[in-house]
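Visitor: whatever this is, show me its structure:
(2 chains)
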Number of protein chains: 2
Amino acid sequence: MADTGADMNGAEAVVATLVAAGVDTCFTNPGTSEMHFVAALDKVPGLRPVLGLFEGVVTGAADGYARMTGKPAVTLLHLGPGLGNGLANLHNARRAHSPIVNIIGDHAIFHRQHDAPLASDIEGIAGTVSAWVRTSETIDQVARDARDAVTAACTCPGQIATLMLPADLAWTVGAAAAKPIAAPAPEMPGADTIDSMARILSSGGAGNILCLAGAGVNGRGLQAAGRIQAATGCKLMCPTFNARIERGAGRPLVEKIPYFADMAKASMQGASHLILAGAAAPVSFFGYPGEDSWLTPEDCAVDLLARFNEDITGALEALADAVDAPSEPDCSAKTFKPGLPRGELTPATIGASMGLLLPEGAIVSDEAITSGMALGPLTAGAPPHDWLEVTGGSIGQGLPVATGAAIACPGRKVISLEGDGSAMYTIQSLWTQARENLDVLTIIFANSTYSILNIEHVRVGAGAPGRNAQEMLSIGNPELDFVRMAEGMGVEAARADTAEAFHDLLAAAMKKRGPFLIEAKIEPIKFG
Amino acid sequence: MADTGADMNGAEAVVATLVAAGVDTCFTNPGTSEMHFVAALDKVPGLRPVLGLFEGVVTGAADGYARMTGKPAVTLLHLGPGLGNGLANLHNARRAHSPIVNIIGDHAIFHRQHDAPLASDIEGIAGTVSAWVRTSETIDQVARDARDAVTAACTCPGQIATLMLPADLAWTVGAAAAKPIAAPAPEMPGADTIDSMARILSSGGAGNILCLAGAGVNGRGLQAAGRIQAATGCKLMCPTFNARIERGAGRPLVEKIPYFADMAKASMQGASHLILAGAAAPVSFFGYPGEDSWLTPEDCAVDLLARFNEDITGALEALADAVDAPSEPDCSAKTFKPGLPRGELTPATIGASMGLLLPEGAIVSDEAITSGMALGPLTAGAPPHDWLEVTGGSIGQGLPVATGAAIACPGRKVISLEGDGSAMYTIQSLWTQARENLDVLTIIFANSTYSILNIEHVRVGAGAPGRNAQEMLSIGNPELDFVRMAEGMGVEAARADTAEAFHDLLAAAMKKRGPFLIEAKIEPIKFG
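Guide: Below you'll find the model as predicted:
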């Protein structure tokens, strides 16, 4: 620190520290107490600011950015309420193990005593989603605090770190950038664990399930899992909702545990061992009357290869070697082209169009809820692509995550699959996509209902929805017009109500760059 | 309880308890864990459900409802993330002292151990805004818990109570409704306090300021304040942001403490005594470099008549009697009609149109930020009306509060004044206004910038905004089209860019009923 001198104000020192640590993007929705941080973005180069009109866009975009780059973006949020507005997507990001550094402008320290209108328990709010929370208290510690925040965020497998920067420390001169400190490397499971799992897999064949999450469904981890499958015949599975899965033709095929508990149980029936590599033992999303939340078959042993915060990739590679796996997986997903869809527009015809038109390297942000259930098999044989899901189950993630993913990967097509109900939580994302001219195609599955809740209403034993309940589950009165809303935020849009019209729109959208929205008018899926 | 038998499920017993306590409205954005509560809305009559597409709409609407009725509505929110999405407007509601009962559907108790994706620290989130937090743990306590929540919410001057209702208690049969328990009456300040304030006021004349908040700017409290002014010549003032002020021709005129600290200090210059009736001693909204946050002049004594949670109305009436005040205030605001505005559309011409056209009994939800600063004087002489403000300083309150106020007061015109930046936080409110056919006129002050931040950037000493900063403070690229967005959510809308066009639109809008939006294209206000 001695070299640079302590000649920056606190905000500049924080920005310089973040940049030195490799952070390059700042998603913002600032207020008065963040003005010096905003000013510092001009004085200290290296941090690209991206404005969101609502904090849920900001935090969700940081999540999407982290999922695609593996490194933290910074969010800039205004006091406790600004953090509150971003909380739901931080919940999803926490479940995705995304590294994120939140910088919250706080009141000046001398102003705290007055309990001004915007004062609130920011640390209390932050603590519910963050692995690391700190409020800077002196000017000579702000850079250290920013550095520690990045280190915490980068601690495997990725964490949320929230730093409160009081306004007076932001404007006080007397700080210097702090040098980054590398996060600790994740621990490898012990050799005995590897050996023990290798013994199970080598003897069990198809009765074994290797349940992958995090690094296990990406890159080297996924390749190692495919090798293990090739050598032992085990089944590869993953949770219902994942931060990022690499899938598509030529990659190991990982079967997803279905959302509904009975289907999930069926998918694991007959298994003798469930080996966890980064995943938690599967449980149902909600508790249901008279049903066990635990999904693993009763006579199936649950074994642990690697915890979520251990070296999942290393463990899988060691395990692949231990079972004498071939150097390449031979169990790859095969290229598959669905037939050209015709007639009524349905989630399945949309899935077929997707399967036919998805370009290599596409990034799919999937928040289509019930409408998305048909898409998995129809796109499994498309060219290699990434699939990002609602890890924490809090809807309103899809559009922001797509936004952040597009910022992270400017050369790749991003496709945002959205239920109409889900889309309305953070619809402001479209404006940021327009402003930054992001290559995001949004597909709204417009069935005018909270379709999942119509199903869950019955599944939890509440019977068929009555008049009031129907009103609470339907969003068709008045009908939402996503074309107008998108245009109102600067995004070109069109509507389709037949399979052919949708296919043509999708084909055209795949050929152009920049934000576009298709409103797909469909009927709600009928179940059971 | 013995009479009714314990034959309801938990959700039904909670609804029946709420209805028995006089609660009649439930703002909802439910998920799976709230399905039995939704079903109970059909089985137990008396609670009107109003759906919001985003939880910030739900909590803000409950706030608006509470401000207009003085009683709690219920919100129905989905787990921790749903509460998070509603947190910013609960912050505002807390600062408004609005009674609200939040019901959060939680995971089934037997499901807790599994840390399913949607699990989070709900009590931690709730505790940051609630005066009362409880999680129901047994079926024979859910009704008692709901009853206690209402009592807590109704405790003077109004509080936020948050009850977590685990899904399994909602569906388990074995509960009965609980009878309401009245909240404790607020305490009166002691007779010595009244005497002492009466002595100050009787001797001080115009050097005394009576600073009113809460019940002091409404109904009998405001009338008593006007009587005190008539008898003693004191000045009536109130905070910058108030939950609800009754104002307009024929009512006592209460001067607002300006937002900017220097103007606020000037407004109190020369005062010898500042007597607080429900208000806190005025402090600046933010801390600024080299400036004291404390706004009261140094040689002015600060005296306490009544705390925010004491009987403010009783104290003011006792004080009026103690100073031998006349039975009616004679210091009333006089009818004032601004001149017909012409030419360029500005906040001032909009204020003039408002002053000319505001109907008696109008409810104004004011989140116009910089654009609203011109409106106060121009509407002070309009027919009697109510004015609701951003009590906690967290923008995104205006549209939801207008929505809730319209639900509360179906016979009254509601006018929602919105900055374009502010409007985008909870723009989904428009859909609820359309669905419920609420008589809400929304006026968007469309200046394509976070105007207040351009001012604050300079005021906090960060200088003129640089290139990045300008990008973060401007929202004009792309331009937001509020007409299309409103139409996309089922609300008729039009645009005006001259004073004449706006006036004609406003006049027409005042004559019709139902939701309507005017986008007023203006230039940002230039300060200093």
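Visitor: tell me the buried residues in the lowest-mean-pLDDT helix or strand in chain A?
Guide: The helix or strand of chain A with the lowest confidence, counting by mean pLDDT, DSSP states H and E, is helix A:451-459 at a mean of 90. Residues of helix A:451-459 classed as buried by neighbour count (16 or more other C-beta atoms under 10 Å in any protein chain shown): A:451, A:452, A:453, A:454, A:455, A:456, A:457, A:459. Just so you know, the C-beta spots here come from the backbone N, C-alpha and C atoms, and that holds for glycine as well.
Visitor: next secondary structure after it?
Guide: Scanning forward in sequence from helix A:451-459 by DSSP states H and E, the next helix or strand is helix A:467-473.
Visitor: how far away from the center of its chain is that following helix?
Guide: 31 Å (C-alpha atoms, centre = their mean, to the nearest Å).
Visitor: and if you look at stretch A:268-283?
Guide: 22 Å.
Visitor: say whether chain B is contacted by that stretch.
Guide: Yes: Stretch A:268-283 reaches chain B (C-beta under 8 Å from any C-beta of the partner chain) through A:280, A:283.
Visitor: what's the end-to-end length of that stretch?
Guide: Stretch A:268-283 has an end-to-end distance of 12 Å (C-alpha to C-alpha, to the nearest Å).
Visitor: average model confidence for that stretch?
Guide: Stretch A:268-283 shows a mean pLDDT of 97.
Visitor: can you say which helix or strand has residue A:276 in it?
Guide: Element membership of residue A:276 [criterion: DSSP H and E] is strand A:273-277.
Visitor: could you spell out the sheet neighbours of that strand, each with its direction?
Guide: Here strand A:273-277 has these sheet partners by DSSP bridges: strand A:208-212 (parallel), strand A:301-306 (parallel).
Visitor: just the ones you listed: most buried one?
Guide: strand A:208-212 (a mean of 28; mean count of other C-beta atoms under 10 Å in any protein chain shown).
Visitor: angles on the backbone of residue A:40, please.
Guide: Recorded main-chain torsions at residue A:40 are phi -70, psi -20, according to degrees, to the nearest 10.
Visitor: about what we covered before: between the buried residues of helix A:451-459, which is closest to residue B:73?
Guide: residue A:453 (21.5 Å; C-beta to C-beta).
Visitor: so what's the nearest residue to the closest one once chain neighbours are set aside up against?
Guide: Among residues not flanking residue A:453 along the chain, residue A:473 sits closest, at 4.8 Å (C-beta to C-beta, 6 or more residues apart in numbering or on different chains). Residues near residue A:473 by C-beta atoms under 8 Å, 6 or more residues apart in numbering or on different chains: A:449, A:450, A:453, A:454, A:457, A:465, B:38.
Visitor: those residues into TSV, with extra columns for distance to residue B:6?
Guide: Putting the contacts of residue A:473 into TSV (distance: C-beta to C-beta, whole Å) gives the following:
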residue	distance to residue B:6
A:449	35
A:450	32
A:453	28
A:454	30
A:457	24
A:465	25
B:38	22
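Visitor: which of the residues you listed lies closest to residue A:142?
Guide: Using C-beta to C-beta, the contacts of residue A:473 come closest to residue A:142 at residue A:450, 44.6 Å.
Visitor: ok, which of the strands paired with strand A:273-277 comes nearest residue A:185?
Guide: Nearest to residue A:185, of the strands paired with strand A:273-277 and by C-beta to C-beta, is strand A:301-306 at 13.6 Å.
Visitor: flag every residue of the stretch 151-300 of chain A that's near chain B.
Guide: So far as C-beta under 8 Å from any C-beta goes, the stretch 151-300 of chain A lies against chain B at A:167-168, A:171, A:241, A:280, A:283-289, A:293-294.
Visitor: which parts of the stretch 51-200 of chain A are helices?
Guide: Along the stretch 51-200 of chain A, counting by DSSP state H, counting those that start in this stretch, helices occupy A:55-69, A:79-85, A:87-96, A:122-127, A:142-154, A:167-171, A:191-204.
Visitor: ok so, going back, so which of the residues of the stretch 151-300 of chain A next to chain B wins on neighbours?
Guide: Among those, residue A:167 has the most neighbours (other C-beta atoms under 10 Å in any protein chain shown), with 28 neighbours.
Visitor: residues contacting that residue?
Guide: The contact partners of residue A:167, by C-beta under 8 Å, 6+ apart, come to A:32, A:33, A:36, A:105, A:106, A:107, A:108, A:111, B:286, B:287, B:460.
Visitor: please apply the same query to residue A:430.
Guide: Contacts for residue A:430 (C-beta under 8 Å, 6+ apart) come out as A:399, A:442, A:485, A:486, A:489, A:490, A:491, A:515, A:517.
Visitor: distance of it from residue A:416?
Guide: Going from residue A:430 to residue A:416 by C-beta to C-beta, to the nearest Å gives 10 Å.
Visitor: common neighbours of these two, please.
Guide: In terms of C-beta under 8 Å, 6+ apart, residue A:430 and residue A:416 are both contacted by the residues A:399, A:442.
Visitor: hang on, the earlier thing: also near chain B: which of the contacts of residue A:430, exactly?
Guide: Among the contacts of residue A:430, proximity to chain B is found for A:485, A:489, A:490 (C-beta under 8 Å from any C-beta).
Visitor: now the residue most central in space within chain A: how far from chain B?
Guide: By C-alpha atoms, centre = their mean, the mean C-alpha position of chain A lies nearest to residue A:243, the distance being 4.5 Å. In this view, residue A:243 and chain B are 11 Å apart by C-beta to the nearest C-beta, to the nearest Å.
Visitor: swap in residue A:250?
Guide: Distance from residue A:250 to chain B, by C-beta to the nearest C-beta: 30 Å.
Visitor: go through the helices of the stretch 51-200 of chain A and name the closest to residue A:395.
Guide: Of those, nearest to residue A:395 by C-beta to C-beta is helix A:87-96, at 8.5 Å.
Visitor: okay, buried residues for that closest one please.
Guide: By 16+ other C-beta under 10 Å, the buried positions in helix A:87-96 come out as A:87, A:88, A:89, A:90, A:91, A:92, A:93, A:94, A:95, A:96.
Visitor: which strands or helices does it pack on?
Guide: Where contact means 3 or more C-beta pairs under 8 Å, 6 or more residues apart in numbering or on different chains; DSSP states H and E, helix A:87-96 is packed against helix A:55-69, strand A:100-106, strand A:160-166, helix B:79-85.
Visitor: to residue A:19, which of these lies closest?
Guide: That would be strand A:100-106 among the helices and strands packed on helix A:87-96, by C-beta to C-beta, at 12.1 Å.
Visitor: quick one: is that closest one near chain B?
Guide: No: judged by C-beta under 8 Å from any C-beta, strand A:100-106 stays clear of chain B, getting no closer than 9.8 Å.
Visitor: so what strands line up beside that strand?
Guide: strand A:73-78 (parallel), strand A:160-166 (parallel).
Visitor: what about the residue lying closest to residue A:66 once chain neighbours are set aside, neighbour count?
Guide: Distances taken as C-beta to C-beta, 6+ apart place residue A:98 nearest to residue A:66, at 3.7 Å, with adjacent residues excluded. Residue A:98: 33 surrounding residues under other C-beta under 10 Å.
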